[in-house]
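Chemist: I would like the atomic coordinates for the input below:
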Amino acid sequence: MKTIMLALVLAFSTITMAQNKEMKKEKLSTEEKVAKQLEKMSTDLNLTEEQKQKIKPILEDQVKKREEKREDIKEAREKQEKKNREERQKMKKEMEENQANYKKDLSKILTPEQMEQWEKNKDERKEMVKDHMKERKRNKN
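Modeler: Down below sits the predicted model:
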């Protein structure tokens, strides 16, 4: 009896894990991405309603730019085009400028304390991404 119960628990947990992976792959619309980011920022930074209204258009712009860049990269991959060093450096510079403008826009809206917390959260996310990429690289080899 215990063996059957254990087998059932393992089977259900495996099915649940597979469903969770499928759920993560669902594509969100631009509006859903903005709403999700705004909600996360609101929770993390304790934003006021006024701040939310000011930040929303900035997030919309950022999401649209990010989606356009991803589409460009996807198209290049499909065509099997490799970017030369100069093109990659240009893309990197554009991305850095975009990030600097985003930060500048946020600093006009957020309080110094909120900005400090935003920076801290950004650094933590950056480290998580690095760790994730290292793990993917290890699993790939």
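
Chemist: Tell me who's in contact with Lys33.
Modeler: Val63 (CB atoms under 8 Å, 6 or more residues apart in numbering). Every residue, glycine included, has its C-beta placed from N, CA and C.

Chemist: Could you give me the buried positions within the helix or strand hosting it?
Modeler: Using DSSP states H and E, Lys33 sits in helix 30-45. For helix 30-45, the neighbour count (16 or more other CB atoms under 10 Å) marks Lys33, Val34, Gln37, Leu38, Met41, Leu45 as buried.

Chemist: do the same with stretch 114-130
Modeler: Gln114, Met115, Gln117, Trp118.

Chemist: any low-confidence regions in this structure?
Modeler: Scanning the chain for pLDDT under 70 picks out 1-25, 141.

Chemist: Show the residue spans covered by the helices in it.
Modeler: Assigned by DSSP state H, the chain shows helices spanning 2-24, 30-45, 49-78, 85-109, 112-140.
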